[in-house]
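>>> Attaching a predicted model along with its sequence, questions to come.
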Amino acid sequence: MPQEVKFLSAEQFLLTTLVVKLAVVAILSTMLVRFRWFRRILLTEKRDWPERLVFAAGLGVPLTAGMVARLLLNYNAADLMLAGPFLAGLIAGPYAGAIVGGLVGCPALIAGEFVALPFAVGCGFAGGGLREVCPKETIWLFSPLFFTGLPRQAWRMLRRLQVEWHVILLAGPVALELLRQAFGHRFGVEHLFYLAPTGPWMYFFVILATVLSVAIPIKIWNTARVEHRLQEQEKLLLAAKVEALASQIHPHFLFNTLASISSLIRSQPETARTLIVKLSGLLRRLLRSHEHFVTLREELEAIDEYLDIESVRFGPKLRIEKEVSPDSLDLIVPSMILQPLVENSIKHGLARKVGEGRLVIRGARRGGSALIEVEDNGLGITEDRLDQAMLGGIGLRNVNERLRVIYGANYSVRLRSVPGEGTCASLEIPELVVPDRITA
């Protein structure tokens, strides 16, 4: 025997429509917040007219499409004639709300629902009016879980005779839904569409769905705002850490260089004078530069200025070589990341070496990473002193900390050394090539 077809009752059909309506609201809100331009508009409370128009268009166009779907396909869940304009007014002001109301109400007006357009525009102005008098951050705290604190807020409002804005915000969509029900009864569903309840409980669910249609987008958008602000705070914190670490390098470098110059003042005054002139030029460049990231080419140019000073100091005893592949010169590296490595090689590896000292700087791409090495043929370090060398000195410790802060805990300087043969300091960072200057 064929199975009997069962149809939904009026109450079941209405509840299903309300649930689908909330799903449509959540999906639309989530889709909109994924657009960068929409998120940017949400982040500020003082919006100029172009931003308000963009917001109104971004929200109004899909709401208008939902209205058309209801008129042509009888898809009642897509009709957000009340919640959409009210929400636009609440977020972007009365005129944005009125524009969205006009966009939503026009298709209904063309279909013969002559009350729809003024009602939708009125909802936009109502939301905008609340925005004008309500603290802006209170709007963003309007949550789908409003009912958890509602009794306490209502009691506080009655007992202290002071305004509780959460109660006022809740009263807005409730009053508009009741007004739509009254207009619908008065003019008929053919002149103003509304979901007609079949009993007291259905009235409650219809009103609850209207409130949630406003609260759900606010919750989704506010979550996006909070996440963006946290990301911005993390960026600012990272920039502050990098700035603090970079500032440690300059005094350390300056102290060591001045100590070298002071040792030459009596024995080689002309050499000391030349070093001071070169040092002043290098310091001027450092003071002019406020960037935390530079290309490897620029970093090598800065190292050349420092090596000029050391070359004058050591003379032909110091030989410098560079083995840098041309395709790595545009790689982005932290500023002043090489100078401590070069300084350590000269100070601890080559300064006390008898005979010619050789310093090699290498740079290359390897497997999606930038590999940079500073190698010398100096005195070397015994294996039991490698860890002490990494933790004891300011330069290497600073470089390690900067790498960890910028790239993560897996990035650090690696030391390889053979006593009597030399030391190699290498670092591997993610490969990044950017034509424009990057700041932290």
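Happy to help now that I have it. Residues are numbered from 1 along each chain as shown.
>>> what residue ranges in the stretch 151-300 of the chain are flagged as low confidence?
Scanning the stretch 151-300 of the chain for pLDDT under 70 picks out the ranges 151, 153-158, 160-163, 233-253, 256, 282-283, 285-291.
>>> which stretches of it form helices?
Along the stretch 151-300 of the chain, counting by DSSP state H, counting those that start in this stretch, helices occupy 165-187, 200-262, 269-288, 296-314.
>>> Using TSV, lay out those together with mean neighbour count and distance to R366.
Bear in mind the C-beta positions are built from the backbone N, C-alpha and C, glycine included. What follows is those, written out as TSV (neighbours: other Cβ atoms under 10 Å; distance: least, Cβ to Cβ, whole Å):
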stretch	mean neighbour count	distance to R366
helix 165-187	17	58
helix 200-262	16	25
helix 269-288	14	30
helix 296-314	18	14
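>>> Mind checking those for the one nearest to L350?
Taking Cβ to Cβ, helix 296-314 is the member of those nearest to L350, at 7.7 Å.
>>> Check which element follows that closest one along the chain.
As assigned by DSSP states H and E, the chain's next helix or strand after helix 296-314 is strand 318-324.
>>> which element follows that following strand toward the C-terminus?
Taking DSSP H and E, what comes next after strand 318-324 is strand 332-334.
>>> What strands line up against that following strand, and which way round?
Under the criterion DSSP bridges, strand 332-334 sits next to strand 293-295 (antiparallel) in its sheet.
>>> chain center to the partner strand, what's the gap?
22 Å (Cα atoms, centre = their mean, to the nearest Å).
>>> Any idea which of the helices of the stretch 151-300 of the chain gets closest to A108?
Closest among these, using Cβ to Cβ: helix 165-187, at 12.4 Å.
>>> Name the residues that touch that closest one?
82-83, 86, 90, 115, 119, 123, 126-127, 130, 134-135, 138-139, 141-142, 146, 149-150, 153-154, 157, 192-194, 196-197, 203, 206-207, 210-211, 213-214 (Cβ atoms under 8 Å, 6 or more residues apart in numbering).
>>> Tell me which of the helices of the stretch 151-300 of the chain sits nearest to L403.
Nearest of the helices of the stretch 151-300 of the chain to L403, taken as Cβ to Cβ: helix 200-262 at 9.9 Å.
>>> Give me the spatial nearest neighbour of V115, chain neighbours excluded.
Closest residue to V115 apart from its sequence neighbours, by Cβ to Cβ, 6 or more residues apart in numbering: L192 at 3.9 Å.
>>> which residues does that neighbour contact?
So L192 contacts E113, V115, A116, F119, R180, F183, G184 (Cβ under 8 Å, 6+ apart).
>>> Select from the contacts of helix 165-187 every entry located in strands.
The members of these all map outside strands under DSSP state E.
>>> Produce a PyMOL select command limited to the buried residues of those.
To isolate the buried members of these in PyMOL, using 16 or more other Cβ atoms under 10 Å:
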select buried, resi 82+83+86+90+115+119+123+126+127+130+134+139+142+146+153+157+192+193+194+197+206+207+210+211+213+214
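>>> What is the end-to-end distance of stretch 334-354?
Length of stretch 334-354, first residue to last, Cα to Cα, to the nearest Å: 34 Å.
>>> pLDDT (mean, whole number) over it?
Throughout stretch 334-354, pLDDT has a mean value of 82.
>>> residues of that stretch that come out buried?
Buried residues in stretch 334-354 (16+ other Cβ under 10 Å): 334-351, 353.
>>> Tell me which of the residues you listed fall in strands.
Filtering the buried residues of stretch 334-354 for strands - DSSP E - leaves P334.
>>> Domain map for this structure?
For the chain, the structural domains run 10-232, 263-430, going by automatic domain parsing.
>>> got a list of what the residue nearest the centre of the chain touches?
Nearest to the mean C-alpha position of the chain, by Cα atoms, centre = their mean, lies Q231 at 4.1 Å. Contacts of Q231 were listed using Cβ under 8 Å, 6+ apart, and none were found.
>>> Next, work out how far apart the residue nearest to V115 and T423 are.
Distance from L192 to T423, counting by Cβ to Cβ, to the nearest Å: 83 Å.
>>> And T16, by the same measure?
From T16 over to T423 the distance is 74 Å, taken as Cβ to Cβ.
>>> the more surrounded of the two?
More crowded of T16 and T423, by other Cβ atoms under 10 Å: T423, with 25 against 12.
>>> list the buried ones in the helix or strand harbouring L415?
Assessed by DSSP H and E, L415 sits inside strand 414-418. By 16+ other Cβ under 10 Å, the buried positions in strand 414-418 come out as L415, S417.
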